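Asks: Quick one: sequence plus predicted model below, questions after.
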Amino acid sequence: MRGLRTGVYAGLGLMVTATGGYVVVDLVRWKWQWALMAAELLLVTLMLFVAVAGARRLARIERGLAETIERLSAREPPTAGTPLARSAAEAGVGLEGAGG
């Protein structure tokens, strides 16, 4: 999995470098239409890079939330003397609703 992720990032980095180079070369040669097409491809590549990085970050957040929920569900439910149970009783929620 790590090799695949490295390959995707390397491919995107190569694509950004190549399209950025084409934009500069085409602007120097006064080929405006080609420069615009290369710039559009550069923007699409950068958006794809942001999407891949964002998806990775979201997966990490989801994994952390799942671990937290699993950890909390493994705990014992609050008893009548704990602060959570007292605040739940003040809020009008029974002990069965305070644990999760």
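Replies: Done, it's in.

Asks: State which helix of the protein is the longest.
Replies: If you go by DSSP state H, the chain has its longest helix at helix 32-74.

Asks: quick one: stretch 31-38 to chain centroid distance?
Replies: Chain-centre distance of stretch 31-38: 32 Å, with C-alpha atoms, centre = their mean, to the nearest Å.

Asks: who's in contact with that stretch?
Replies: By C-beta atoms under 8 Å, 6 or more residues apart in numbering, the surrounding residues in contact with stretch 31-38 are T19, Y22, V23, D26, L27. For glycine as for every other residue, the C-beta is placed from the backbone atoms N, C-alpha and C.

Asks: Using neighbour counts, trim those residues to the buried set.
Replies: Listed as buried from the contacts of stretch 31-38 are T19, Y22, V23, D26; burial here means 16 or more other C-beta atoms under 10 Å.

Asks: Would you mind measuring from the first one to A38?
Replies: Between T19 and A38 the distance, using C-beta to C-beta, to the nearest Å, works out to 5 Å.

Asks: Could you list the low-pLDDT ranges of this protein?
Replies: Counting by pLDDT under 70, the chain contains low-confidence residues at 1, 76-100.

Asks: Point to the residue nearest the middle of it.
Replies: Nearest to the mean C-alpha position of the chain, by C-alpha atoms, centre = their mean, lies R57 at 2.6 Å.
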